[in-house]
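# Compute the structure for the input listed below.
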Amino acid sequence: MTGPAPYRVLIIEDHQVVAEGLAALLSEHPDLEVLGVAGSVADVQRWAASEPVDVAVADYWLPDGTGVDATAALREYSPEAAVVFLSADDSDESMLAALEAGASGYLVKSAGGADVAAAVRRAAEGEILVPARQLAALLARRREQAQRQAERSRLLESLTPRERQILGLMAEGMDNRDIARQLGVSYTTVRSHVRHLLSKLSAHSKLEAVVKAAEWGLPEWQY
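Numbers count the residues shown, from 1 in each chain. As a prediction, this is how the structure comes out:
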């Protein structure tokens with residue numbers, strides 16, 4: 001009596017040493033059959049067109065795209081294939097992109113061999129390997145980043161070209177009189193611009209305004 005057929009695994013990895021090590025690791029498990037290695041999105045398309053795939057282990061960055069692109073190429077031919085990402089890139093952006101593409105899990109390359117094999121097996125069985133709490137935290141951080149970017153854009157749009165110019169000169173350490181001489185305008189005019197800058201940046205001093213501008217990542221001032 002024969003047991004169930006092994007899960008067919010495609011490794012998507014462009015670094016040969018990593019790919020060979022991963023193939024050797026997974027081949028030690030009788031329930032996992034390594035079909036081969038695809039080193040690019042184009043290779044994934046060729047493999048997927050010729051072999052049904054149950055689960056893929058994909059790096060995030062590939063020479064001609066990303067693991068997200070590779071996932072889309074794979075699912076053109078094996079729409080039910082599970083994908084586990086195994087990458088050195090542990091950024092929120094990459095993890096979220098992978099999960100939004102339908103990945104079952106996302107592991108970093110420091111994961112142990114037993115963990116990788118277990119993740120491949122569980123993904124092939126239809127499990128989602130990302131805890132709800134971790135996913136919620138990722139989404140919360142993305143919302144915070146989006147809100148910060150929106151606030152930064154709003155702040156940039158609120159500054160006039162002259163205010164940006166003065167902010168840049170303030171960052172160089174110039175006082176109001178130096179700025180007036182530099183720009184060829186009156187001291188009173190500069191002082192008025194500085195008051196408006198402090199108000200817009202919710203700052204109580206020129207030093208605080210410069211610090212807050214740097215915190216907001218505002219290098220776009222014009223000299």
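
# and the residue most central in space within the chain, backbone torsions?
Centroid-nearest residue in the chain, with CA atoms, centre = their mean: E93, separated by 2.3 Å. Main-chain dihedrals, E93, degrees, to the nearest 10: phi -60, psi -50.

# which residues touch it?
For E93, the contact set (CB atoms under 8 Å, 6 or more residues apart in numbering) is empty. Glycine gets a C-beta too; all of them are placed from N, C-alpha and C.

# how far away is it from A111?
According to CB to CB, to the nearest Å, E93 and A111 sit 20 Å apart.

# Repeat that for S104.
Counting by CB to CB - S104 and A111 are separated by 14 Å.

# Between the two, which has more neighbouring residues?
Legend: neighbour count by other CB atoms under 10 Å for S104 and A111, higher for S104 (24 against 12).

# And for the more buried one, nearest residue in space, chain neighbours not counted?
Spatial nearest neighbour of S104, excluding adjacent residues (CB to CB, 6 or more residues apart in numbering): A123 at 3.8 Å.

# Near that neighbour, how many other residues are there?
When neighbours are defined as other CB under 10 Å, A123 has 24 of them.

# Now do it against A203, distance only.
51 Å.

# now swap in Q16 and tell me
Following CB to CB, the distance that separates Q16 from A203 is 54 Å.

# Mind checking which of these two has more residues around it?
Ranked by neighbour count (other CB under 10 Å), Q16 and A203 place A203 first, with 16 against 10.

# hang on, the more buried one packs against K212?
Yes. Counting by CB atoms under 8 Å, K212 is a contact partner of A203 at 5.4 Å.

# what residues go with each domain of this structure?
Here the domain parsing of the chain from automatic domain parsing is 7-130, 149-215.

# what's the most buried one of these?
By mean neighbour count, with neighbours taken as mean count of other CB atoms under 10 Å, domain 7-130 ranks first of the domains of the chain at a mean of 18.

# Hmm, A81 is touching A58, no?
No. The pair A81 / A58 is not scored as a contact, 10.5 Å apart, by CB under 8 Å.

# So which residues of this structure form helices?
Per DSSP state H, the chain carries helices over the ranges 16-27, 41-50, 67-75, 92-100, 113-124, 132-158, 161-171, 176-183, 187-200, 206-215.

# can I get those helices in JSON lines with mean pLDDT?
Shown next, in JSON lines, are the helices of the chain (pLDDT from 0 to 100):
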{"stretch": "helix 16-27", "mean pLDDT": "94"}
{"stretch": "helix 41-50", "mean pLDDT": "94"}
{"stretch": "helix 67-75", "mean pLDDT": "96"}
{"stretch": "helix 92-100", "mean pLDDT": "88"}
{"stretch": "helix 113-124", "mean pLDDT": "92"}
{"stretch": "helix 132-158", "mean pLDDT": "78"}
{"stretch": "helix 161-171", "mean pLDDT": "88"}
{"stretch": "helix 176-183", "mean pLDDT": "92"}
{"stretch": "helix 187-200", "mean pLDDT": "91"}
{"stretch": "helix 206-215", "mean pLDDT": "84"}
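
# closest to R8 out of those helices?
Closest approach to R8 among the helices of the chain (CB to CB): helix 113-124, 8.7 Å.

# In CSV, please show the C-alpha coordinates belonging to the closest one.
What follows is helix 113-124 as a C-alpha-only set of coordinates in CSV (Å, rounded to 0.1, in the frame of the first residue of the first chain):
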residue,chain,number,x,y,z
GLY,A,113,16.1,24.1,8.5
ALA,A,114,13.5,22.3,10.5
ASP,A,115,11.4,25.5,10.5
VAL,A,116,11.6,25.9,6.8
ALA,A,117,10.6,22.3,6.1
ALA,A,118,7.7,22.5,8.5
ALA,A,119,6.6,25.8,6.9
VAL,A,120,6.6,24.3,3.4
ARG,A,121,4.6,21.3,4.6
ARG,A,122,2.1,23.4,6.5
ALA,A,123,1.7,25.7,3.5
ALA,A,124,1.1,22.8,1.2
